[in-house]
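Chemist: structure of the sequence below:
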Amino acid sequence: MVVNVTVMSVDVTSELPEPAPRLPRSARTLVVLGDSTAVGLGDPLPRRGGWRGVGPLVAAALGVGGEGYLNPSFAGARMRCVLTEQVPAAVARRPDVALVVAGMNDTLRPDFEAGRVAAELTEVIRRLKDAGTTVVPVRFHDHSRVFRLPPSLKRALSARVAELNAAIDEVVAREGVPCLDLARLPGAYDLASWSVDRLHPSELGHRMLASGFTGLLAEAGFDVPAPVSLTCSGGVEPSAAGHVGWLVLKGIPWLWRRGREFLPYAAVIMWNSFRAR
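Modeler: Numbers count the residues shown, from 1 in each chain. The predicted model follows:
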């Protein structure tokens with residue numbers, strides 16, 4: 001005897017409640033690591049002296065109080081400095097968020113090796129991730145489009161930044177971390193985004209950096225209760241005498257020092273360009 005059995009299917013998925021939306025996570029601690037841009041150079045504090053810059057702007061946007069903010073960065077720092085001198089202090093805090101602004105100083109040295117910088121950045125990211133930190137490094141703009149250099153030095157710097165960015169891209173993809181692309185920030189190459197030395201962001205430039213960082217952090221699930229405004233607060237603007245003073249005391253010596261270090265590499269760039277033609 002054959003018995004026909006009809007199996008009724010019941011769609012239970014339509015009866016299940018939708019999962020509750022994930023609420024944004026509050027950042028209680030923030031660490032900023034890196035070089036003079038991370039220090040805040042280019043964004044002087046009115047009346048009080050010193051620098052503000054991207055770090056305090058991001059902290060204010062995230063609602064991080066003074067006790068939750070740490071910035072061990074210093075001018076001239078290379079990626080190795082971040083790894084050996086700044087990361088230990090950062091890891092001790094076990095921060096929710098760490099911003100890493102470093103690498104450009106490496107491109108300005110005669111011993112630059114993109115692979116070595118990539119290895120150091122990888123270690124920086126892994127040590128911070130092991131501490132439960134969301135890490136956001138940067139990839140760089142072509143600074144030769146901002147700082148006026150002789151053609152050979154300009155080509156040399158552009159080539160090195162391209163090498164550095166290629167290495168950073170590999171690290172970011174492998175480690176799965178967000179990364180702020182400075183070249184894609186609106187107005188990145190406008191002179192208003194740069195301070196008198198054209199080496200460091202102006203107040204507007206620092207605000208742009210902070211806005212870019214907080215945008216990525218929002219995408220990563222962090223709450224940004226006070227988004228960064230691009231309206232400048234009217235900080236200290238350098239006078240004409242300040243421009244001249246910087247050029248004489250800082251600009252020309254810097255260009256001479258970096259020019260001598262860059263000269264052998266620039267000569268190779270020029271020779272390769274000549275052979276290609």
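
Chemist: can you give me the end-to-end span of stretch 81-88?
Modeler: One end of stretch 81-88 sits 11 Å from the other (CA to CA, to the nearest Å).

Chemist: then stretch 216-224 to PDB, C-alphas only?
Modeler: Written as PDB, here are the backbone C-alpha positions of stretch 216-224 (Å, rounded to 0.1, in the frame of the first residue of the first chain):
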ATOM      1  CA  LEU A 216      36.000  56.800   9.200                       C
ATOM      2  CA  LEU A 217      35.400  56.200  13.000                       C
ATOM      3  CA  ALA A 218      31.700  56.700  12.500                       C
ATOM      4  CA  GLU A 219      31.800  54.100   9.700                       C
ATOM      5  CA  ALA A 220      33.600  51.800  12.100                       C
ATOM      6  CA  GLY A 221      30.700  52.100  14.600                       C
ATOM      7  CA  PHE A 222      31.800  54.900  16.900                       C
ATOM      8  CA  ASP A 223      29.500  57.700  18.100                       C
ATOM      9  CA  VAL A 224      30.500  61.200  16.900                       C
END
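
Chemist: what are the ranges of the helices in the stretch 151-277 of the chain?
Modeler: Ranges of helices in the stretch 151-277 of the chain, per DSSP state H, counting those that start in this stretch, are 151-175, 203-219, 240-246, 252-276.

Chemist: buried residues in the first one?
Modeler: Burial within helix 151-175, assessed by neighbour count using 16 or more other CB atoms under 10 Å, is assigned to 152-161, 163-165, 167-168, 171-172, 175. For glycine as for every other residue, the C-beta is placed from the backbone atoms N, C-alpha and C.

Chemist: picking that back up, worst mean pLDDT among the helices of the stretch 151-277 of the chain?
Modeler: Of all the helices of the stretch 151-277 of the chain, mean pLDDT reaches its minimum on helix 240-246 (a mean of 49).

Chemist: can you give me phi and psi for residue 33?
Modeler: For residue 33, the backbone dihedrals (degrees, to the nearest 10) come out as phi -120, psi 150.

Chemist: just grab the bridge partners of it for me.
Modeler: When bridges are called by DSSP bridges, residue 33 pairs up with residue 100.

Chemist: lowest average confidence, helix or strand, in this structure?
Modeler: Ranked by mean pLDDT, DSSP states H and E, the weakest helix or strand in the chain is helix 240-246, scoring a mean of 49.

Chemist: low-confidence ranges, the chain, go.
Modeler: Segments of the chain classed as low confidence (criterion: pLDDT under 70) are 1-21, 48, 149, 234-277.

Chemist: could you find the closest non-adjacent residue to residue 210?
Modeler: Nearest residue to residue 210, sequence neighbours excluded (CB to CB, 6 or more residues apart in numbering): residue 57, at 3.6 Å.

Chemist: that neighbour belongs to a strand, doesn't it?
Modeler: No - secondary structure of residue 57 (DSSP: H, G, I helix; E, B strand; the rest coil): helix, not part of a strand.
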